[in-house]
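1. Take this sequence and fold it.
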Amino acid sequence: MTPSQIALVQESFAKVAPISDQAAIIFYDRLFEVAPQVRAMFPDDLTQQRKKLMATLAVVVNGLTNLPAILPAASALAKRHVDYGAKPEHYPVVGSALLWTLERGLGEAWSPEVAEAWTAAYGTLSGYMIAEAYGKAQAAE
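-> Here you go, the predicted model:
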């Protein structure tokens, strides 16, 4: 990720943060729409899960300027996801739902540059998490 991409992700996330509750609802609705098979991995009441999602996104987004500082937490999260039943093929679906949510949340502030920056951020983190949870070979696929 370039410094300008990091800035775009951080600036755009700051615009979504005030509507974080609504964004989290939109995200999970979209995720379960495109991948209904993952619904069983989540509790019936998503209230706490939605808060965790937005809090984790905030930590990651704010930590992009010092990526090594957030990698241990990302590794631990990835390993916990294995216990929940997450598989490497779920990561692209989650990324797609995240980008879809951000596009709706940002409206006119969503641009090709912002999309590219978020794609780079998600790709960097998800690739690392897949490698940590499942091994380097899975991350390369």
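2. okay, CA-based contacts and neighbour counts for the rest of this
-> OK.
3. Can you give the distance from stretch 109-116 to the centre of its chain?
-> Remark: stretch 109-116 is offset 16 Å from the chain centroid, using Cα atoms, centre = their mean, to the nearest Å.
4. May I see the buried residues of it?
-> Val114, Ala115, Glu116 (16 or more other Cα atoms under 10 Å).
5. Quick check: which ranges of this protein have low pLDDT?
-> Along the chain, segments meeting pLDDT under 70 span 136-141.
6. separation between the residue nearest to Arg39 when sequence neighbours are not counted and Ser96?
-> With Cα to Cα, 6 or more residues apart in numbering as the criterion, Arg39 has its nearest non-adjacent residue at 5.9 Å, and that residue is Phe32. To Ser96, Phe32 is 12 Å away according to Cα to Cα, to the nearest Å.
7. Kindly report the same for Ala78.
-> Distance from Ala78 to Ser96, by Cα to Cα: 18 Å.
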